[in-house]
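Novice: just the structure for this:
(chains A and B)
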Amino acid sequence: MSQTSAGDQKYFLPRAGLEPLVGILRQRGYTVLAPTRRDEIIALAPVESADQIARGVHDHQDGGRYRLTQADPEVMFEYGPGADSPKRYLFPPELPLVELRVRGNRFIPTSQPPAIAQYAFLGIRACELAAIKVQDRVFGLEGQDTLCADAAEYYRRTRRRALLIAVNCTRPGGTCFCASMGTGPAATEGFDLSLTELRDGFLLTVGSQAGAALGAELDLRAPTSAEEGLAEMKLAAARAHMPRHLDTRGLKERLEQTIDDPNWERVAARCLSCGNCTMVCPTCFCFTVSDSSGLTDGVYGRTRRWESCFSHQFSYVAGSGPVRSTIAARYRHWLRHKLCTWQDQFGVSGCVGCGRCITWCPVGIDLTEEAQRLGRHVPGAGAVPIPKAGGTKEALP
Amino acid sequence: MIQHVADMDYRPPPGMGGWLPVEATIVNIQPENFNTRTFTLRFVDESLCESYRFEPGQFNMLFVPGVGEAAISISSSPYQIGALDHTIRMVGAVTRGIDRIGVGGIVGVRGPFGRGWPLHKLAGKDVIIVGGGIGLAPLRPLIHWLLRHREQCRRVVLLYGCRSPEDRLYAAELEAWSGRSDLDVLVTVDNADEHWTGPVGVVTNLLRRIKVNAEQTVVFVCGPRVLNRAAAWNFLQLHVPPAQVYVSLERNMNCGFGRCGHCQYGKHFVCRDGPVFCFADIADIFAKEEI
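Specialist: Reported below is the predicted structural model:
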């Protein structure tokens, strides 16, 4: 296989070539994480053989609904993302940061930094690549923010070692809107290899030098023009059949004017504030470092855990209680963060259009619907008026 | 040429970015009022005592092993090298934990974090400092800085309000400041006792007692939310430009560098973009509820 620029190299990988791929990755020391069928959902889990990858199933996703049904047993990746995303591995739900003892006037660390795993993600989707890219910015992969970078050491090191083999979506899930967010259904960047499933194999695209090196060990042949055409057609169809849509034109500017929008109360009447949307979201990054003490061994632990802005005590002022005491305020914070203020903070949208927050919401609140409704016909929303000179006391808030 | 603390070649001390705080000994505890004390900390590591610098208005994360961390403003003079004051109201698990440790014990420190008072905005201006209750704590380093660079600005006024005369922070220091000719100090209390001869009422009432030269004034406010709002709006009504009104805000913090998400305030992370905000930057959300 000759080396040309990344992204240009296309090959055909027969279906039987998946097993050697898993074998090579494992030989190189990777933990291969692939979509598996577990508890009737698709979950990313370590696999030892390509046989363990979920196949022959379709997913049916809708607001508050997720079902798997039998499909053509020969078809492998015709399902969308499950509740899990690579976030679970790069930014684990629970991570012990440090353990220490107090000896005299010193804190003595008694633990090694968490071991850095070497993950190969096989079969992640374009929206998940986009989500990884978002978290790369959040956790300072490029090291532009040194304070953050030190504290996000685990993410950065795990991420740098990870190999990303994407699968392009030929059958979007029922809550997907990646086409609206410009993140899918086909992966365009940020992968080592990408696969588009055809009838008896995959159109394989090389996206990096690591991907090219891996491809060199596989039994590849040049694709026929029919195969390339078919892959393009399938992806075009997927794009055309995207079940949900979010109009992103002017969305940020519109959401900036929605603090007083009456629709927040409407959503709040349904929202349970359970936090599911934040747990399944592949970009949500909030966490809490909590402390523990060993009652018998004198070892104090510091553990980082996922946190949700939907919990009542997420934001508070010491001595005067929670800042966002109503569900309307918490939902407002979450949605505006995701689609609006995230861009101010990290220069990208916090939403990649994967639809998980819709599927896994127990009452089926649809982000795309709510976002469309917001910021329309709200008189007087926006900046606080600057009071005129000689204003009366009544004008004070 | 005066060198601003903010201009010094500042870099966080080693280890401050990680999750293992550095040790500091509690060398003194000064009671301020019934639930507030000033803890003076000294790093166990002597070289850190020398190298640690902060800007007035910044905070540290103070750590009690097994209990947790709390964000506490640094309240000592930026020129007091080697010993850091933290004025703490004992209202939570961590703050009560620090109190239990006592003099001679150690706490952990990560920091300094956040953006402090904009010292570069003061040249040639009148400076009005408004503090309420424990809000005087992050203003104290600013006052010390100003007294050191007094020639840079014109008038300096401190308006301070608290519940009662015995609730005043830094009472002896306030007395000393009151005696200075280069600093106007006005203190008001909500509830006077029989010895109190000063003003009674909310701190914004003190505005009637001073002349505000609006265009030439920079305002620094730190207090409870209701004071922050009332003070900011009062000065805006007096035509002080929004870009010259600064408010220090409070919210729970966990990481200190704008990642854990807890202290988000609109698009801002209070820990990283604040705690000192220019009113012009938060005008769209300042008067809103539950942001």
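
Novice: which elements pack onto the helix or strand hosting A:Gly23?
Specialist: Following DSSP states H and E, one finds A:Gly23 within helix A:18-27. With contacts defined as 3 or more CB pairs under 8 Å, 6 or more residues apart in numbering or on different chains; DSSP states H and E, the packing partners of helix A:18-27 are strand A:31-38, strand A:119-124, helix A:209-215. For the C-beta atoms, the positions are set from N, CA and C on the backbone; glycine is no exception.

Novice: now do the strands in the stretch 151-291 of chain B.
Specialist: B:156-162, B:184-189, B:217-222, B:245-248, B:264-265, B:268-269, B:276-278 (DSSP state E, counting those that start in this stretch).

Novice: distance to A:Gly64 and mean pLDDT for those - can I get that in CSV?
Specialist: Converted to CSV, those look like this (distance: least, CB to CB, whole Å; pLDDT from 0 to 100):
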stretch, distance to A:Gly64, mean pLDDT
strand B:156-162, 52, 97
strand B:184-189, 56, 97
strand B:217-222, 46, 97
strand B:245-248, 42, 97
strand B:264-265, 27, 96
strand B:268-269, 32, 96
strand B:276-278, 39, 97
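
Novice: any chance of a markdown table for the ones you listed, columns distance to chain A?
Specialist: Converted to a markdown table, the strands of the stretch 151-291 of chain B look like this (distance: least, CB to the nearest CB, whole Å):
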| stretch | distance to chain A |
| --- | --- |
| strand B:156-162 | 15 |
| strand B:184-189 | 18 |
| strand B:217-222 | 13 |
| strand B:245-248 | 11 |
| strand B:264-265 | 7 |
| strand B:268-269 | 7 |
| strand B:276-278 | 14 |
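
Novice: follow-up on the earlier one: right, and the helices and strands packed on helix A:18-27 - which one's nearest chain B?
Specialist: Taking CB to the nearest CB, strand A:119-124 is the member of those nearest to chain B, at 21.9 Å.

Novice: what angle do strand B:156-162 and the longest helix seen in chain B make with each other?
Specialist: Identified as the longest helix of chain B according to DSSP state H is helix B:225-237. Computed with axes from the mean of the first three to the mean of the last three CA atoms, to 10 degrees, the direction of helix B:225-237 lies at 150 degrees from that of strand B:156-162.

Novice: ok, helix B:225-237 near chain A or not?
Specialist: Yes - for helix B:225-237, a contact with chain A is found by CB under 8 Å from any CB of the partner chain, at B:Arg225, B:Arg229, B:Ala230, B:Trp233, B:Leu236, B:Gln237.

Novice: contacts for the lowest-mean-pLDDT helix or strand in chain B?
Specialist: Within chain B, confidence by mean pLDDT, DSSP states H and E is lowest for helix B:46-51 among all helices and strands, at a mean of 91. Contacts with helix B:46-51, where a contact means CB atoms under 8 Å, 6 or more residues apart in numbering or on different chains, come from B:Pro13, B:Val22, B:Arg42, B:Phe43, B:Ile81, B:Gly82, B:Ala83.

Novice: what two of these have the greatest distance between them?
Specialist: Within the contacts of helix B:46-51, B:Val22 and B:Ile81 form the most distant pair, 16.3 Å apart (CB to CB).

Novice: of those two, which one has the most company?
Specialist: Of the pair B:Val22 and B:Ile81, B:Val22 is the one with more neighbours under other CB atoms under 10 Å in any protein chain shown, namely 22 against 13.

Novice: tell me which residues are up against stretch A:241-255.
Specialist: By CB under 8 Å, 6+ apart, stretch A:241-255 touches A:172-182, A:185, A:335-336, A:339-340, A:343, A:349, A:351, A:353, A:355, A:358, A:366-368, A:371-372, A:374-376.

Novice: and these, which of them are buried?
Specialist: For the contacts of stretch A:241-255, a burial check counting by 16 or more other CB atoms under 10 Å in any protein chain shown picks out A:172-181, A:185, A:335-336, A:339-340, A:343, A:349, A:351, A:353, A:355, A:358, A:366-368, A:371, A:374-375.

Novice: look up the closest residue to A:Pro113, ignoring the ones flanking it.
Specialist: Of all residues not flanking A:Pro113 in the chain, A:Glu153 sits nearest, at 7.1 Å (CB to CB, 6 or more residues apart in numbering or on different chains).

Novice: what does A:Ala328 give?
Specialist: Nearest non-adjacent residue to A:Ala328, counting by CB to CB, 6+ apart: A:Ala268, 3.7 Å away.

Novice: tell me how far A:Arg304 lies from A:Val138.
Specialist: Taking CB to CB, to the nearest Å as the measure, A:Arg304 falls 14 Å from A:Val138.

Novice: show me the helices in chain B, by range?
Specialist: Counting by DSSP H, the helices of chain B are B:46-51, B:93-101, B:140-148, B:171-178, B:225-237, B:270-273, B:279-282.

Novice: neighbours of the residue nearest to A:Pro113, just the number please.
Specialist: Per other CB under 10 Å, the neighbour tally for A:Glu153 reads 17.

Novice: kindly report the same for A:Leu220.
Specialist: 20.

Novice: contact partners for it?
Specialist: Listed by CB under 8 Å, 6+ apart, the contact partners of A:Leu220 are A:Met1, A:Tyr11, A:Phe12, A:Leu13, A:Gly17, A:Leu204.

Novice: need the residues you listed in CSV (columns: distance to B:Arg148 and secondary structure).
Specialist: CSV is the format used below for the contacts of A:Leu220 (distance: CB to CB, whole Å; DSSP: H, G, I helix; E, B strand; the rest coil):
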residue, distance to B:Arg148, secondary structure
A:Met1, 69, coil
A:Tyr11, 70, strand
A:Phe12, 74, strand
A:Leu13, 71, strand
A:Gly17, 73, helix
A:Leu204, 67, strand
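
Novice: tell me which two of those residues sit farthest apart.
Specialist: Maximum distance among those (CB to CB): 13.6 Å, for A:Met1 and A:Gly17.

Novice: which one's more surrounded, the two?
Specialist: A:Gly17 (18 against 13).

Novice: surely that one is in contact with A:Asp219?
Specialist: Yes - under the criterion of CB atoms under 8 Å, A:Gly17 makes contact with A:Asp219 at 5.4 Å.

Novice: picking that back up, centre of the chain versus the least confident helix or strand of chain B, how much separation?
Specialist: 23 Å (CA atoms, centre = their mean, to the nearest Å).

Novice: go through it and flag the buried ones.
Specialist: For helix B:46-51, a neighbour-count test (16+ other CB under 10 Å) marks B:Leu48, B:Cys49 as buried.

Novice: again, but for stretch A:89-104
Specialist: So, applying 16+ other CB under 10 Å, buried residues of stretch A:89-104: A:Tyr89, A:Leu90, A:Phe91, A:Pro92, A:Leu95, A:Leu97, A:Val98, A:Glu99, A:Leu100, A:Val102.

Novice: re the thing from before, just the contacts of helix B:46-51 that are near chain A?
Specialist: Restricting these to those adjacent to chain A (criterion: CB under 8 Å from any CB) gives B:Val22.

Novice: need the contacts of helix B:46-51 in JSON lines (columns: pLDDT).
Specialist: Formatted as JSON lines, the contacts of helix B:46-51 follow (pLDDT from 0 to 100):
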{"residue": "B:Pro13", "pLDDT": "43"}
{"residue": "B:Val22", "pLDDT": "91"}
{"residue": "B:Arg42", "pLDDT": "97"}
{"residue": "B:Phe43", "pLDDT": "95"}
{"residue": "B:Ile81", "pLDDT": "90"}
{"residue": "B:Gly82", "pLDDT": "89"}
{"residue": "B:Ala83", "pLDDT": "95"}
